[in-house]
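Asks: Okay, predicted coordinates and the sequence, questions at the end:
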Amino acid sequence: MVVRLFMRQFQHNLIRQLKRYSKRAALKGERLESQWETVIGLEIHAQISAKSKLFSGSGTTFASPINSMVSFFDASLPGTLPVLNRRCVEAGILTALALQCRLNLVSMFDRKHYFYADLPAGYQITQQRCPLAKDGHVEYLAPDEDHRKLVLKRARLTQLQLEQDSGKSLHDVEMSHSLIDLNRAGIGLMEIITEPEFCSAVEAASFVRELQLILQVIGVCDGKMEEGSLRVDASVSVRRPSEPLGIRSEIKNLNSIRHLMRSIEFETLRQISILESGGQVLNETRAYDVETGETVSMRDKERLHDYRFMAEPNLPPLRLYTNDTVPNGVPSDQIINVDELRAMLPELPNAKRERLKKQYGLSVEHSNVFVNEPTLLECFEKIVANQNLQNVKIASNICINEVLAAVNKKNIAFSASNLSAESVGELVELVQDEVISLLTLRKILEVLLQDSSKLPKQVIEERGWHQVSNETALENICCQVIAANPKVVDDYRDGKTKVFNYLIGEVQKKLSGQSNVKAVVRIMKQKLDT
Amino acid sequence: MDVPGILTRSVDDAVVILNALAGHDPKDSTTVFEPFKPCALPDVASIKGLKIGIPQEYHAPGLSSDMKDSWQHVADIVENAGATVKRVSLPHTALSIVCYHVLCACEVASNMARYDGLEYGHRAKDESSTESLYAASRHEAFNNVVRGRILAGNYFLLKQNYDRYYVQAQRVRRLISQDFWNTFRSGIDILLTPTVLGDAPSYRWFSKADNRTRTQEQDVFTQPANMAGIPAISLPVALSSNGLPLGLQLLGQPFKEQQLLTAAKAIEQLVNFRALDFDKLLYCD
């Protein structure tokens, strides 16, 4: 499901672009793809879900009226001082633990200086020298080289740090105006930096999807890229195999997985074409233009910045404690205990996938879908609990291939569909007992999605959609079909076995799709082979 | 180093203000959590039994003879009143002002980065670009002393200079701190030094050199306390031959303001400094 989603979304463009470049390569008589390796590293900025900002008490509600969530500190009024938000620190620790990082029990804050209208203080408070956590890794599923299966990959992380978000600016070039909204200025961010280990856009996108899921599951970030809660910068370079790393460019502020993939793909091809024609790739910052699907140079930021990092003098070092090291005599609201937070971590997505695979014998793909669809999983687990485990495969197939597919087609989430576990459970039962065919199931789902107050059995009764399993009735229909299609029957007996499906289809037509397919196949085969 | 200073006409008044200011401030992350015990000074303060240190390195170049005499005079007075006076050494004193200049400039450059005229303060008319607006606003509204410090601070904070200037200054700062710690640990309670080189200089004299030179000369006595993070108080003790006040500085141990201010009050009472006759002074040169 996930594989198909990715592939459908970007394969079209990829093929078009690769064709363009491959044509050139083909003229040289070589295959482009085997000549170049792509190296991708990511910097993810995740907004911490908290009631107030990282260092001030302003609110953080998305889409608030312009400049309504700005305290004196956020506006950098002289004399204001930062006070660290405990919830943000806890969120950072939970994330570091979930990502298998090594926590620095003592970490420091620094000022990163640059002038920009959306940065009122002229510096951002971040953690450059000694961040909250280092190293770490994430296991995630990505399509293998043939894009057929999902395989487990591991991405290593460099570090995780807490820092302030900047405000938002809108540049009106015509009026020579810049409009600044400081609502976002000072909101807590976790910056997660990966090692440059991704080999393709799909890999990078799969990783981001997994990270998004983890952050949502542990409740530290809502991961809504379209709202700016999660932003990704991608560093991209290319090289010939076994050569040292090439010069990289950085694509900034990608706010959807689709943009991430397309921009990386474009940038890879752009760099390859530069290098193939003997040019040099510039170490520069680029932006992704959604309209053209290309990356463009951000000329303003081309000049190298010296950020003049300096220790933040108004904040003491951040100290974390474990059960062994909690000091006496310090008020408990000043203590952050890592062990207590670790105990609060819920089941992480990858652990959940493994558990589902073991517990229900699900495939990698199915367990992955369920991890991405928590309400559907809940429904599935309820159904399996009520009935015996024989149904697991049927149940998961129906949940994913039928129910999920149906709601996706209607562009609604499963949780919004009002389909109950009871309904779906009934459908599973009906299919298992061969009372209805899959075709009928789909028809019933259509009805249920419009009117969820009914149960499947009700719908069958009301519309007379019982599956015909009566042997005699089926035999009669089969005979009718055979009599009506002598040429096809001859073709089949001559060895063209494919036409068998046509005959089955004819039976289905006569019974409006309500026949027990297994029985029909058996009977038809019997009749034809005699 | 951006901290409040208390200016009053008596030690008792300084205590009133300190008691109002001190203690944990939830909006200031650098204040300590321990509850503050307000200072309470006796009506008649005694200096008996205190060990007073006289740091030899504070005989700085340019120290006026008036100031030297006052310093000696007060040392004698307190000895007679029952304190023990001892010569001590704070070997890194001479480095302190340089260390301070580097760190102060860095802090100024950083803290002043917020003055862009957008949210508050002076905004220039040049709106051809954000950069030119910033540059014009800041150039017009900062005088050359501030601009000089900002430029210096930014220079020290450049990646290639950071270790040689900023980090090195922090290392020296630790040495200065250690000088005080060692002295206090060896049994000294309070240090007694001049506050500045002499009495208040005239504007004419002061302007003969640039601001940086003058501050380098005059700040030698007072900024080590900033470097070490210890409490200090300056009080007038005598008049110079020009009829202007001369002040001496007392440096105390961290969180021992009660002891420091008691000593200050005792000296205040011992020297019995009279209020100035302004009419006489106004016609001075």
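Replies: Cool, got the structure. Residues are numbered from 1 along each chain as shown, chains lettered A, B, ... in the order given.
Asks: From here on, just use CA atoms for contacts and neighbour counts.
Replies: Noted.
Asks: Residues of chain B that sit close to chain A?
Replies: For chain B, the residues in contact with chain A (C-alpha under 8 Å from any C-alpha of the partner chain) are B:26-30, B:110-111, B:113-116, B:118-120, B:128, B:130, B:154, B:157-159, B:162.
Asks: Please pick the buried ones from these.
Replies: B:29-30, B:110-111, B:113-116, B:118, B:130, B:154, B:157-158, B:162 (16 or more other C-alpha atoms under 10 Å in any protein chain shown).
Asks: Pull the most distant pair out of those residues.
Replies: B:Thr30 and B:Thr130 (34.1 Å; C-alpha to C-alpha).
Asks: residue of the stretch 101-250 of chain B with the smallest distance to chain A?
Replies: In the stretch 101-250 of chain B, the residue found nearest to chain A is B:Arg114; the distance is 4.1 Å by C-alpha to the nearest C-alpha.
Asks: Might you report the residue contacts of the single nearest residue of the stretch 201-350 of chain A relative to chain B?
Replies: Proximity of the stretch 201-350 of chain A to chain B (C-alpha to the nearest C-alpha) peaks at A:Arg308, 4.8 Å away. For A:Arg308, the contacting residues are A:Lys112, A:His113, B:Asn154, B:Leu157, B:Leu158, B:Lys159, B:Tyr162, by C-alpha atoms under 8 Å, 6 or more residues apart in numbering or on different chains.
Asks: Looking at strand pairing, list the partners for the first one.
Replies: As for beta bridges, A:Lys112 partners with A:Gln124 under DSSP bridges.
Asks: check contacts around it.
Replies: Per C-alpha under 8 Å, 6+ apart, neighbours of A:Lys112: A:Tyr123, A:Gln124, A:Ile125, A:Thr126, A:Tyr307, A:Arg308, A:Phe309, A:Met310.
Asks: Let's see that with 7 Å instead.
Replies: A:Tyr123, A:Gln124, A:Ile125, A:Thr126, A:Tyr307, A:Arg308, A:Phe309 (C-alpha atoms under 7 Å, 6 or more residues apart in numbering or on different chains).
Asks: re earlier: where does the residue of the stretch 201-350 of chain A closest to chain B fall, helix, sheet strand or coil?
Replies: coil (DSSP: H, G, I helix; E, B strand; the rest coil).
Asks: Quick check: the gap between it and B:Cys106.
Replies: The gap separating A:Arg308 from B:Cys106 is 10 Å, by C-alpha to C-alpha, to the nearest Å.
Asks: what sits against A:Gln124?
Replies: So A:Gln124 contacts A:Arg111, A:Lys112, A:His113, A:Gln164 (C-alpha under 7 Å, 6+ apart).
Asks: Which two of those residues have the greatest separation?
Replies: A:His113 and A:Gln164 (12.6 Å).
Asks: what about the helices in the stretch 1-150 of chain A?
Replies: Shown for the stretch 1-150 of chain A, the helices assigned by DSSP state H, counting those that start in this stretch span residues A:2-27, A:86-98.
Asks: Confidence-wise, which of those helices is weakest overall?
Replies: Of all those, mean pLDDT reaches its minimum on helix A:2-27 (a mean of 51).
Asks: and B:Gln249, what does it touch?
Replies: With C-alpha under 7 Å, 6+ apart, B:Gln249 has these contacts: B:Leu192, B:Thr193, B:Pro194, B:Thr195, B:Ala232, B:Ile233, B:Ser234, B:Leu235.
Asks: Kindly confirm whether my reading is correct that the first one touches B:Glu57.
Replies: When you say that, I think you mean B:Leu192. No: counting by C-alpha atoms under 7 Å, B:Leu192 does not reach B:Glu57; the two are 11.9 Å apart.
Asks: between those two, which one's more packed in?
Replies: B:Leu192 (22 against 16; other C-alpha atoms under 10 Å in any protein chain shown).
Asks: Assumed A:Asn397 was part of a helix.
Replies: Yes: A:Asn397: assigned to a helix according to three-state DSSP.
Asks: What's the local residue count around it?
Replies: 16.
Asks: Could you report the separation of it from A:Asn391?
Replies: 10 Å.
Asks: The nearest residue to B:Ala228 once chain neighbours are set aside sits in which helix or strand?
Replies: For B:Ala228, ignoring the flanking residues on the chain, the nearest one in space by C-alpha to C-alpha, 6 or more residues apart in numbering or on different chains is B:Ser177 at 4.4 Å. B:Ser177 belongs to helix B:168-185 when elements are defined using DSSP states H and E.
Asks: Averaged pLDDT, that helix. What do you get?
Replies: Mean predicted confidence for helix B:168-185 is 97.
Asks: buried ones in that helix?
Replies: Neighbour-count burial for helix B:168-185 flags B:Ala169, B:Gln170, B:Val172, B:Arg173, B:Leu175, B:Ile176, B:Ser177, B:Asp179, B:Phe180, B:Trp181, B:Thr183, B:Phe184 (criterion: 16+ other C-alpha under 10 Å).
Asks: Tell me, what's the model's pLDDT at the residue of the stretch 401-530 of chain A found nearest chain B?
Replies: In the stretch 401-530 of chain A, the residue that lies nearest chain B is A:Ser415 (43.4 Å; C-alpha to the nearest C-alpha). A:Ser415 carries a pLDDT score of 85 in this model.
Asks: Tell me, how many residues neighbour B:Ala40?
Replies: 13.
Asks: In terms of helices and strands, where is the residue lying closest to it once chain neighbours are set aside?
Replies: Spatial nearest neighbour of B:Ala40, chain neighbours left out: B:Gln258 (7.2 Å); criterion: C-alpha to C-alpha, 6+ apart. If you go by DSSP H and E, B:Gln258 is part of helix B:257-271.
Asks: Who are the packing partners of that helix?
Replies: Applying 3 or more C-alpha pairs under 7 Å, 6 or more residues apart in numbering or on different chains; DSSP states H and E, one finds that helix B:257-271 contacts helix B:11-21.
Asks: what separates the helix it packs on from the chain centre, distance-wise?
Replies: 18 Å (C-alpha atoms, centre = their mean, to the nearest Å).
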